[in-house]
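Enquirer: below are the sequence and a predicted model; questions follow.
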Amino acid sequence: MVTWKNLDTLESYQELKNTARVNLKEVMSGENGAERVKKYSVPMAEGMAYNYAAKAVDDQVLEALAKLAKEAQLTEKFAALYNGEVINTGEKRLVLHHLTRGQLGDKVEADGVDKREFYLEQQKKVTEFANKVHAGEITNAAGEKFTTVVQIGIGGSDLGPRAMYLALENWAKKNGTFKMEAKFISNVDPDDAAAVLASIDVAHSLFVLVSKSGTTLETLTNESFVKDALEKAGLDPSRHMLAVTSETSLLAKSDDYLAAFFMDDYIGGRYSSTSPVGGAVLSLAFGPEVFERFLAGAAAEDELAKKENLLENPAMLDALIGVYERNVLEMGCTAVLPYSQALNRFPAHLQQADMESNGKSVNRFGEPVNYVTGPVLFGEPGTNGQHSFYQLLHQGTNIVPLQFVGFKQNQCGSDVVIQGSTSQQKLCANVAAQIMAFACGKEDENQNKYFAGGRPSSIIIGEQLTPESLGALLSHFENKIMFQGFTWNLNSFDQEGVQLGKVLAKRVLAHETDGALKAYSDLLNI
Ligand SMILES: O=P(O)(O)OC[C@H]1O[C@](O)(CO)[C@@H](O)[C@@H]1O
């Protein structure tokens, strides 16, 4: 039996607040620092590791965090979630995205079916469909093979799948599994759809309409935009479009699609990359086997999230260090900085995953909380970010905890030695240098050139970004967000904060406005 309590009512939280602050600059200097780098590391799945040597923690803080994990019943709450309790209290729903990639606990029955079986059945349908498209058994009306897949969706129906596609595009090309180019249309800005349509051969394109609710204004508008383009090209839209939606949505009942694949209300949009929301586009683009490898990586990392020992559970540890930084050290932001160009859109996906989940001021019972919750999250790949916002990270007045991600090998295999090192070595050298520069800073009489240091970071290090390690990385962050939500006593699985803007936009379009909203409408010529 789990009990849901606010963070500030937990004894271990008070204890954590009373622990001595760690002087990061001191502990990371000299041989001490070298020891920490070896010691403060937790294995992740797929040979990766979460290294937290450069976080402002020591054994006392870690002990206090372990007590907090226990008192907040994080392991039990995770078990309650994957065993099918109603964790999404706001919407009275189960939270089952883990089941799309494995069975972590009991059989979960809902809506009269075994949910793992349901997700497997949908994945099988996607696999069969993708195989037929690749084999030329499903073709356009002229009997020609489809060469391009275009996902139409927004938020969770876009960001995760898009980030995952970009993460594996070059890997798939290098490894001979690249089947179809994928494009994405998300914004209701007509220039988005127009630019994608202008860049493809519509006659040989399949469009995957993805909307769990089937009601999202942007997605339905873009669907019409695409249908219109297909009709103008003399093509029958129903031969070119498939749908990924929930069985209860209106889209599921339509005959306008070549095929329909289902998720359900128990898979939040931002947690849907491992459902057909990501599965359809990724299986079409890279082949179902690659998608299955991605799922296997996520499942292996999920298993680690079940571990009770905080020091063996990378997602829980990452989550609690984040809570310590947010609530005790009072740091308001966090940056995710992958030193991997393929993870270009990964921070954008995490922005939604994290901020839509934990950007809340009321607890899971709808009562205001008296402490800060989810941080502002942003990020860019390194080294690009170094030539952009790192100035503020090094010398600004805010201390922003950082999460680096790096790989020993690149994906494409091609590299060049310039001035004694490869590009990959230069990339890795930069991330190591940054960690130390942030932690230890630099003395200088000239204050303009002085670096205070004491800026905490962690790094996830992997061998190479592959389908498996990508799955593990995704699972790590999803579970981190979940554990933070549990610790803050939030419902991380609804998103009421996005509703008001939608309602007001509808009013503007219906010309039902007055006051300042009308004035803005007039200014924008609506
Ligand atoms: O898949 P749907 O139902 O179109 O929703 C898209 C996105 O819109 C949101 O509901 C926010 O408006 C997200 O949570 C979701 O990922």
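Expert: Here it is on my side, so go on. None of the values given here were measured: they were computed from a predicted structure.
Enquirer: distance check, residue 491 against residue 158.
Expert: 23 Å (C-beta to C-beta, to the nearest Å). Heads up, the C-betas are built off the backbone N, CA and C, glycines and all.
Enquirer: next, the contact list for the residue in the stretch 251-400 of the chain positioned nearest to the ligand, please.
Expert: Across the stretch 251-400 of the chain, the shortest distance to the ligand (C-beta to the nearest ligand atom) belongs to residue 269, at 2.4 Å. By C-beta atoms under 8 Å, 6 or more residues apart in numbering, the residues touching residue 269 are 155, 156, 157, 212, 277.
Enquirer: now with 10 Å, please.
Expert: 153-160, 210-213, 216, 263, 275, 277, 352-353, 356, 495 (C-beta atoms under 10 Å, 6 or more residues apart in numbering).
Enquirer: how far does stretch 251-271 sit from its chain's centre?
Expert: 20 Å (C-alpha atoms, centre = their mean, to the nearest Å).
Enquirer: and that stretch, what's its mean pLDDT?
Expert: For stretch 251-271, the mean pLDDT works out to 94.
Enquirer: and it, end to end?
Expert: End-to-end distance of stretch 251-271 (C-alpha to C-alpha, to the nearest Å): 21 Å.
Enquirer: kindly spell out which helices and strands sit in contact with the host helix or strand of residue 37.
Expert: Using DSSP states H and E, residue 37 falls within helix 30-39. Secondary-structure packing of helix 30-39 (3 or more C-beta pairs under 10 Å, 6 or more residues apart in numbering; DSSP states H and E): helix 24-27, strand 49-51, helix 423-440.
Enquirer: residue 487 is nearest to which of those?
Expert: strand 49-51 (17.5 Å; C-beta to C-beta).
Enquirer: one step back: buried ones among the contacts of residue 269?
Expert: 153-160, 210-212, 216, 263, 275, 277, 352-353, 356, 495 (16 or more other C-beta atoms under 10 Å).
Enquirer: just the mean pLDDT for the helix holding residue 37, thanks.
Expert: 96.
Enquirer: now it against helix 423-440, angle please.
Expert: Here helix 30-39 points in a direction 120 degrees away from that of helix 423-440 (axes from the mean of the first three to the mean of the last three C-alpha atoms, to 10 degrees).
Enquirer: enumerate the residues of this protein near the ligand.
Expert: Proximity of the chain to the ligand, by C-beta under 6 Å from any ligand atom, involves residues 154-157, 211-213, 216, 219, 269-270, 356, 495, 498.
Enquirer: wasn't residue 21 part of a helix?
Expert: No - counting by DSSP: H, G, I helix; E, B strand; the rest coil, residue 21 is not found in a helix; it is coil.
Enquirer: for the residue nearest to the spatial centre of the chain, give me its contacts.
Expert: In the chain, the residue lying closest to the centroid (C-alpha atoms, centre = their mean) is residue 350, at 3.9 Å. Neighbouring residues of residue 350 by C-beta under 10 Å, 6+ apart: 159-160, 163, 270, 334, 336, 338, 377-379, 403, 474, 477-478, 480-481.
Enquirer: buried residues, stretch 440-453. List them.
Expert: Neighbour counts over stretch 440-453 (16+ other C-beta under 10 Å) mark 440, 441, 451, 453 as buried.
Enquirer: quick one: which of the residues you listed is nearest residue 462?
Expert: Of the buried residues of stretch 440-453, the one sitting nearest to residue 462 (C-beta to C-beta) turns out to be residue 440, at 25.0 Å.
Enquirer: which stretches in the stretch 401-526 of the chain count as strands?
Expert: 402-407, 417-418, 421-422, 457-462 (DSSP state E, counting those that start in this stretch).
Enquirer: can you report how many residues neighbour the closest residue to residue 110 other than its chain neighbours?
Expert: Nearest non-adjacent residue to residue 110, counting by C-beta to C-beta, 6 or more residues apart in numbering: residue 94, 5.9 Å away. As a burial measure, residue 94 scores 22 neighbours (other C-beta atoms under 10 Å).
Enquirer: for residue 94, grab phi and psi.
Expert: Backbone dihedrals for residue 94, given as degrees, to the nearest 10, come out at phi -70, psi 170.
Enquirer: please list all residues in contact with it.
Expert: Counted by C-beta under 10 Å, 6+ apart, residue 94 has contacts 81-88, 108, 110-111, 115, 264-267, 493.
Enquirer: so which residue of the stretch 351-500 of the chain comes closest to the ligand?
Expert: Closest approach between the stretch 351-500 of the chain and the ligand, counting by C-beta to the nearest ligand atom: residue 498, at 3.9 Å.
Enquirer: the residue nearest to that residue when sequence neighbours are not counted sits in which helix or strand?
Expert: Distances taken as C-beta to C-beta, 6+ apart put residue 356 closest to residue 498, at 7.2 Å, once the chain neighbours are dropped. Residue 356 is located in helix 346-358, with elements delineated by DSSP H and E.
Enquirer: can I assume residue 101 is in contact with residue 299?
Expert: Yes - with contact defined as C-beta atoms under 10 Å, residue 101 reaches residue 299; the gap is 4.4 Å.
Enquirer: where are the low-confidence patches of the stretch 151-300 of the chain?
Expert: Nowhere does the stretch 151-300 of the chain drop to pLDDT under 70.
Enquirer: please redo it, this time with the cut-off set to 90
Expert: 248, 250, 252-255 (pLDDT under 90).
Enquirer: tell me where it has helices.
Expert: Applying DSSP state H, counting those that start in this stretch to the stretch 151-300 of the chain gives helices spanning 159-174, 190-199, 217-232, 276-286, 288-305.
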